[in-house]
Every structure is written in C-alpha cells, then in structure tokens.
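**Q** Structure for the following, please:
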Amino acid sequence: MRLKLLGVVFTVGALCGIPQANAASCGNVTIASMNWQSAELEAAVDKYILTEGYGCSVNSVIGDTVPTITSMVEKGKPDIVSEGAIDLLPAVAKQGIDSKKIVTAANVIKEGAVYGWYIPKYVADAHPEIKTIPDALKHPELFPDPENPKKGAIYNGPQGWGVTVNTAQLYKAFKAEQAGFRLVDTGSAAGLDGSLTKAYERKQGWLGVYWAPTSLLGKYKMVKLEEGVPVDLAEWKRCTTVASCPDPKPTGWPGSRLLTLVAKPFADKASPDVMKYLNTRTLTTNDVQQVMAWMTDNQATGEDAAKHFLKNKPDVWTKWVTPAAAEKIKASL
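**A** All right, here's what the predicted structure looks like:
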C-alpha cells in the first residue's frame, strides 16, 4: 500500500512538473504591450500562445515606440515587440537592426500601417469614377462643408499629429483650396472620429485623413483614395512632413511597415518552435480591425480580445503554431 501511495505521489508530481519543465525550456519572456489598440491585441495574442502553447512564463510591460526600441538596442529588453512601427523612427530601428541587437520577425499586419485620405464606401460605390484625390477634388458638392455647403470639406486630425501636418501640406500641394475645399481642424481625435461617425450614420459625404488598422474602420467601411502620383520619399521628407515648408508638391503617402521585433539575446536562446511562431504570425488588416471593433463595442481588454480571436479564428492562428501547441491552446480555451 505504501509503495502504491508513493507511486501515486510520484506520478502526480511528474505530471505537475510538465508545465514547469516547458516553462524552463522556454524561460521568462517579456513582451511590450504598446499603448494603442492593435498592438495591445497582438501582444495579448502572443502572450496567450507562448504561455499556453509553449509553456513560456510571459510578463507584459507597457511600452511606447521610441523608448521601447531604444531599450531593446541598449539593454536587450523587452524580448519581444509584437508591433514595431520601425518606419516612424528609422534611425533608432536601423541602428538596432544593423548592429544585430534586434532581429526582425514577421510582418505582424500584412499590409502594414496605411495612412491617407478616405471616403465612405457608399460614396465610392455611387461614384466609381472617384478613385484618387484629384478625382475627389472635382466634386466639392459630394463632401459639403457643414459651415458652408457651397464648399467641400477635408477633415484633418488634431494639432501635434504627424498625419495632421501631412494632410495640411497635401491640401496645399493638391491645390484643394482652389478646388473649393476648406481644411477643417477637428481639434481632437474624438472630433475627427465624431465627424466621420456622424456623416456615416447619416449616409452623408465625408473626406478626410484616417489610417488603418483602427476599430473605427472595422465598424465603418471606408475607401482610401489613391494620391494619383507615385510616392516621392525625398519630397515627403523635404516638405510633406515639415509644417513650415511653403511649397509642397503632390506625392503618394508612404505606408509604414509593422514588424515583430525580437531582442537578439532572446532570439539566440529561444526554441526553434517559438522563433518559427514569431516568424510566421501575420494578421490581415481586416482580421485586426474586426477584433478591434469588437474590443471597442464591448469595452474589452487586450486579453479579452485575444481569447475572442483565438476562439473564433482557429483557421488563422493554427497555421502559426505546431500541432501540439494548437491542441494545448484549444484545450485551454
């Protein structure tokens, strides 16, 4: 009887030791959860998959782009940045990548961050001839200014945002004022969102700056206008990004890559399965925006949204992980 009890204790102890053994093989992992919705979601998905699928002991740390990537370069921590907008700070990111202190992994969002001028899909459907900014500027009557319906309106972001400077410069470059449009200062992020929401729910015309992925574009179907000219990075740097530049020229709006970044010390010690996951995990803008809209409607946290995504999109995420990890994640859900 005593031998049987010892056998039971040993068996239970061995079984209980399995997660600890997995955790030891993966080790402690720090993931930066950036302070915007898409990055919060992605960091929560990474945390859940690495914890439940690969037995990692994951700690989330709040971050923002500049200090987080600087810390990866200088200190080798955090281990993972799920969404690294490296084109927003090319010098710091380039330094880290060139010095091999940062390893780039998957494009976390396939299309990257997309910025530009948008119109509602119902306007685009009703007027298929409007595909570019110059096309839209021929029709101020379709995008009436609330203060002067004889003019068109282009809604801009709040002061201090890069996209606000870009839009003001493109407004001048495309001669929108001469075309009968007024540039509307919305005053705040809430003001910009409110102008779009109000127009959309009333099925009115709206033209303004926005970007993807966002929860708002997950809820309201919008179409990005092409600029009608190629991206000129030299012009973009010279004048489109400089508020005081007096003579902006038309240019396309460059996108921004959103890459998973891994600190080199962690990349060197991580298991091949973990690194394969980080090199494979890619979402589409549509997938992200659907979950972000759900987050907003339900006032959900990143952790809530990660579980919602994993429960509802196994056809997407099971392609990123090993079969064994997939079974563990499904069982945990």
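**Q** Which residue ranges make up each domain of the protein?
**A** Taking automatic domain parsing as the domain assignment, the record places the domains of the chain at 23-111+257-332, 114-240.
**Q** Ile31 belongs to a strand, doesn't it?
**A** Yes. Under DSSP: H, G, I helix; E, B strand; the rest coil, Ile31 falls within a strand.
**Q** State the distance from it to Pro254.
**A** From Ile31 over to Pro254 the distance is 28 Å, taken as Cβ to Cβ, to the nearest Å. For every residue, glycine as well, the C-beta is placed using N, CA and C.
**Q** To what extent is Leu233 buried, counted in neighbours?
**A** Using other Cβ atoms under 10 Å, Leu233 is surrounded by 12 other residues.
**Q** I figured it hits Gly252, correct?
**A** No. At 9.4 Å, Leu233 does not count as touching Gly252 under the criterion of Cβ atoms under 8 Å.
**Q** so who does the residue nearest in space to the middle of the chain touch?
**A** Ranked by distance to the mean C-alpha position of the chain (Cα atoms, centre = their mean), the top residue is Ser38 at 4.6 Å. Listed by Cβ atoms under 8 Å, 6 or more residues apart in numbering, the contact set of Ser38 reads 83, 109, 213-214, 288, 292.
**Q** In terms of helices and strands, where is it?
**A** With elements taken from DSSP states H and E, the one containing Ser38 is helix 37-48.
**Q** before we move on, what about Ile119?
**A** Secondary structure (DSSP H and E) places Ile119 in strand 114-120.
**Q** Packing partners of that strand?
**A** If you count contacts as 3 or more Cβ pairs under 8 Å, 6 or more residues apart in numbering; DSSP states H and E, strand 114-120 packs onto helix 133-137, helix 162-173, strand 208-212, strand 222-224.
**Q** Just the C-alpha atoms of that strand, please, in CSV.
**A** What follows is strand 114-120, C-alpha atoms only, in CSV (Å, rounded to 0.1, in the frame of the first residue of the first chain):
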residue,chain,number,x,y,z
VAL,A,114,-1.9,52.5,-44.1
TYR,A,115,-2.4,56.3,-44.0
GLY,A,116,-4.2,58.6,-46.3
TRP,A,117,-7.5,60.4,-47.3
TYR,A,118,-10.6,58.3,-47.1
ILE,A,119,-14.2,58.5,-48.3
PRO,A,120,-17.2,56.3,-47.3
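**Q** what comes up buried for the helix or strand just after that strand?
**A** Next in sequence after strand 114-120, counting helices and strands by DSSP H and E, comes helix 121-126. For helix 121-126, a neighbour-count test (16 or more other Cβ atoms under 10 Å) marks 122-124 as buried.
**Q** Report the distance from helix 121-126 to the chain centre.
**A** Mean-position distance between helix 121-126 and its chain equals 26 Å (Cα atoms, centre = their mean, to the nearest Å).
**Q** tell me the mean pLDDT over it?
**A** The average pLDDT within helix 121-126 is 98.
**Q** outside of it, which residues touch it?
**A** Outside helix 121-126, the residues that reach it (Cβ under 8 Å, 6+ apart) are 130, 142, 203, 205-206, 221-223.
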